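Asker: I need the structure of the sequence given here:
(2 chains)
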Amino acid sequence: MSVILKTEKLRVEYPNRESRQGRKVALSGLDLEVNAGEVFGFLGPNGAGKTTTMNVLLGFLPPTSGTASLFGIDVRQPIARQRIGYLPENTYYYKFLTAEELLRFYARIFGLTSAEADRRIAELIQLVELGHAAKRAIKTYSKGMQQRVGLAQALINNPDLLIFDEPTSGLDPLGRMKVREIIQRLKNEGKTVFFSSHELGEVETVCDRVAIINQGELKVRGSVADLVERHQANLEKVFLDIIGYQPQPVS
Amino acid sequence: MNTVWALSGVVIKELYRRKDFYVLLVLTGLITLAAGSANFFNDAKIVVYLKDLCLLLIWISALVIAVGTAARQIPAEREQRTIFPLLAKPVTRWQVILGKFLGCWLACGLALVVFYAFFVVVTGSREHHWPLLNYFQALWLQWIMLGVVIALVLFGSIIFSAPSANATICIVVVVGILLIGRHLNKVALQQPEPLQTLIYVVYFLIPHLEWYDVRDLIVYDHALISWWHCGLATLYGAVYVLLFLFVAWLAFRRKRLSV
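Answerer: Residues are numbered from 1 along each chain as shown, chains lettered A, B, ... in the order given. Here you go, the predicted model:
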């Protein structure tokens, strides 16, 4: 099975703004491997280093040391991002554009021909059920509709690897279910999905493997079924055990 | 280049979906028409003042559009975080800078064409002659000058995170160059060393935007500038555009971006 996403001894340090001395270690020697065709959940409490890892994978941040690659290409090369789709946690899009214009803009960036772009945009608008609003400015959309535009833009280039940062954050139950359906459909099409989430039930449902990080260090990595069997508990309990959560007695 | 054109298309769409351009165009039109309808001091040559006023308004409006549009491009991308889905595509930071520049410059070019079309109609209806080549030279040189201004503002927008601070500083610098740039060498002569050398260095380093102000050519019906000189001015402007874009890219590629 080919490795699509790989990090080796990945380390990221920031200048420590609070103490003005030393440096804050956001990631420390992270080793990850995501294989083609799997849905991989990337878990950790807030501040664990999930977003920093994604920032490195997407080329926003240079690693302090170690390497990260997509499809065997160093993430610092823009071409490494040719076959990926990225869905940010929040809706960061040009709100003065319509959904159709936004998708056409990204299609041009990926070098799709006009005919290909037309076909792909029609498919995606249908997939995310935005046909009725495709010619309206994004600023007039609800949060759920904006998240669906985000999903469509992440798929515009028919990517082989999808990187989703908390894809169901802020969505209502129906929206979450639709996102889960889309992830499942992508998996059936043989796509690789790498996503972070705090919704552990959702992760348990759709993921083949997970990695749990805490304070910048990889704590555990393995298949969901193995982890659940080994700990004799559901994923939420496994997660809490691994990050060392101690419940406080209620007074 | 496809990416650069796509990025510039978004900038142009943003400009014509905002109200700034229309407000400035209507304001210029209203002031010019109001001034044109008045008869100051029974002067038969009122059309000269009218042309002067209209061109001044066009210069101010174009500068406001250029600085306002360019100053908010990169900061708005970072503040609204649209930079992240963009850079998650196979897009380099140089392409972002180039696309933003091209978009702002083309948008200003379109705005200038609309402003000059209005100017030609107003003055032509009064004077009944149409020195179109003179108008073209004035428009072209102003557009080149705006290119230098936009590149400077884009560079500023990487250094200063607040668009308002960047716009104010850049307006002061540009107006300063337009008003006193040509006199700096004379000022230097009257200064003791090392101030003299310092002012001379500034004189030779700054882009001489005042060279592109050929309003008098139109107002007083002067002869055409030689096309050779126009070409040299274009080349001079292009060098400064590339220089500012290059330093903007150097600064931008070092910026740490985190979602």
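Asker: who's in contact with the helix or strand where A:Gly85 lies?
Answerer: Of the helices and strands defined by DSSP states H and E, A:Gly85 is found in strand A:84-87. Identification of contacts with strand A:84-87 by C-beta atoms under 8 Å, 6 or more residues apart in numbering or on different chains yields A:58, A:70, A:150-151, A:153-157, A:159-165, A:167, B:84-85, B:88. To be clear about C-beta, it is placed using only N, CA and C from the backbone, and glycine gets the same treatment.
Asker: Please repeat the previous calculation with a cut-off of 6 Å.
Answerer: Strand A:84-87 is contacted from outside by A:Gly150, A:Leu151, A:Ala154, A:Leu155, A:Pro159, A:Leu161, A:Leu162, A:Ile163, A:Phe164, A:Pro167, B:Ala88, using C-beta atoms under 6 Å, 6 or more residues apart in numbering or on different chains.
Asker: hmm, which two among those are most spread apart?
Answerer: Maximum pairwise distance in those, criterion C-beta to C-beta, is 16.4 Å, between A:Gly150 and A:Leu161.
Asker: neighbour-wise, which of the two wins?
Answerer: The neighbour count for A:Gly150 versus A:Leu161, taken as other C-beta atoms under 10 Å in any protein chain shown, is higher for A:Gly150 (25 against 22).
Asker: Without its sequence neighbours, what residue ends up closest to the more buried one?
Answerer: Leaving aside its chain neighbours, A:Gly150 sits nearest to A:Leu87 (5.1 Å; criterion: C-beta to C-beta, 6 or more residues apart in numbering or on different chains).
Asker: and the one you found, how many residues sit next to it?
Answerer: Counted with other C-beta under 10 Å, A:Leu87 comes out at 22.
Asker: and what of A:Glu8?
Answerer: Neighbour count of A:Glu8, defined by other C-beta under 10 Å: 15.
Asker: where's it, which helix or strand?
Answerer: Using DSSP H and E, A:Glu8 falls in strand A:3-15.
Asker: Could you point out the helix or strand that follows that strand?
Answerer: Once strand A:3-15 ends, the next helix or strand along the chain (criterion: DSSP H and E) is strand A:23-35.
Asker: That following strand pairs with which strands, parallel or anti?
Answerer: Using DSSP bridges, strand A:23-35 pairs in its sheet with strand A:3-15 (antiparallel).
Asker: Please export the alpha-carbon coordinates of the strand it pairs with; PDB is fine.
Answerer: Extracted C-alpha coordinates of strand A:3-15, given in PDB (Å, rounded to 0.1, in the frame of the first residue of the first chain):
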ATOM      1  CA  VAL A   3       2.200   6.000   1.600                       C
ATOM      2  CA  ILE A   4       0.500   9.300   0.500                       C
ATOM      3  CA  LEU A   5       1.200  11.500   3.500                       C
ATOM      4  CA  LYS A   6       4.300  11.200   5.600                       C
ATOM      5  CA  THR A   7       6.100  13.100   8.400                       C
ATOM      6  CA  GLU A   8       9.400  12.100   9.900                       C
ATOM      7  CA  LYS A   9      10.700  13.500  13.100                       C
ATOM      8  CA  LEU A  10       8.700  16.700  12.500                       C
ATOM      9  CA  ARG A  11       9.500  19.400  14.900                       C
ATOM     10  CA  VAL A  12       8.000  22.900  15.000                       C
ATOM     11  CA  GLU A  13       9.100  25.600  17.500                       C
ATOM     12  CA  TYR A  14       7.600  29.100  17.900                       C
ATOM     13  CA  PRO A  15       9.100  32.100  19.700                       C
END
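Asker: what sits up against that strand?
Answerer: Contact partners of strand A:3-15, identified using C-beta under 6 Å, 6+ apart, comprise A:23-36, A:52, A:63-70, A:161, A:192, A:194.
Asker: So which elements touch the helix-or-strand element of chain B with minimal mean pLDDT?
Answerer: None of the helices or strands of chain B scores lower by mean pLDDT, DSSP states H and E than helix B:20-37, at a mean of 75. On a contact count with 3 or more C-beta pairs under 6 Å, 6 or more residues apart in numbering or on different chains; DSSP states H and E, helix B:20-37 meets helix B:46-79.
Asker: out of the contacts of strand A:84-87, which are buried?
Answerer: Listed as buried from the contacts of strand A:84-87 are A:Gly150, A:Leu151, A:Ala154, A:Leu155, A:Pro159, A:Leu161, A:Leu162, A:Ile163, A:Phe164, A:Pro167, B:Ala88; burial here means 16 or more other C-beta atoms under 10 Å in any protein chain shown.
Asker: Helices - which of those land there?
Answerer: Judged by DSSP state H, helices contain the following of the buried ones among the contacts of strand A:84-87: A:Gly150, A:Leu151, A:Ala154, A:Leu155.
Asker: what helix or strand is A:Val228 on?
Answerer: helix A:224-231.
Asker: Next: A:Tyr106.
Answerer: With DSSP H and E as the test, A:Tyr106 turns up in helix A:99-109.
Asker: Output that helix as CSV, nothing but the C-alphas.
Answerer: What follows is helix A:99-109, C-alpha atoms only, in CSV (Å, rounded to 0.1, in the frame of the first residue of the first chain):
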residue,chain,number,x,y,z
ALA,A,99,-20.4,29.9,-5.2
GLU,A,100,-20.1,29.3,-9.0
GLU,A,101,-17.5,32.1,-9.4
LEU,A,102,-15.5,30.8,-6.4
LEU,A,103,-15.4,27.3,-7.8
ARG,A,104,-14.4,28.6,-11.3
PHE,A,105,-11.6,30.7,-9.7
TYR,A,106,-10.1,27.6,-8.0
ALA,A,107,-10.7,25.5,-11.2
ARG,A,108,-8.5,28.0,-13.1
ILE,A,109,-5.8,27.7,-10.5
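Asker: That one packs against which elements?
Answerer: Under the contact criterion of 3+ C-beta pairs under 6 Å, 6+ apart, helix A:99-109 touches helix A:114-127, helix A:143-155, helix B:2-17.
Asker: hey, which of those helices is tucked in deepest?
Answerer: helix A:143-155 (a mean of 22; mean count of other C-beta atoms under 10 Å in any protein chain shown).
Asker: Name the residues that touch stretch B:251-259?
Answerer: A:Thr51, A:Asn55, A:Phe60, B:Phe84, B:Arg93, B:Ile158.
Asker: Which of those sits closest to B:Leu110?
Answerer: For these, the nearest to B:Leu110 is B:Ile158 (25.2 Å; C-beta to C-beta).
Asker: Just give me the neighbour total for the residue nearest to the closest one when sequence neighbours are not counted.
Answerer: Closest residue in space to B:Ile158, ignoring its immediate chain neighbours: B:Ala251 at 4.3 Å, by C-beta to C-beta, 6+ apart. The local packing of B:Ala251 (other C-beta under 10 Å) involves 16 other residues.
Asker: What is the three-state secondary structure of B:Ala251?
Answerer: helix (DSSP: H, G, I helix; E, B strand; the rest coil).
Asker: Any idea how many residues pack against residue 61?
Answerer: In the absence of a named chain, chain A is used. 23.
Asker: oops, chain B please
Answerer: B:Ser61, neighbours per other C-beta under 10 Å, totals 20.
Asker: Which residue, other than its chain neighbours, is closest to it?
Answerer: Nearest residue to B:Ser61 in three dimensions, chain neighbours excluded: B:Leu24, at 4.1 Å (C-beta to C-beta, 6+ apart).
Asker: where along the stretch 151-251 of chain A do the helices fall?
Answerer: When assigned using DSSP state H, counting those that start in this stretch, the helices of the stretch 151-251 of chain A occupy the ranges A:173-188, A:200-206, A:224-231, A:235-242.
Asker: Tell me which of those lies nearest to chain B.
Answerer: helix A:173-188 (16.8 Å; C-beta to the nearest C-beta).
Asker: For that closest one, what is the distance to the chain centroid?
Answerer: Its chain's C-alpha centre and that of helix A:173-188 lie 14 Å apart, by C-alpha atoms, centre = their mean, to the nearest Å.
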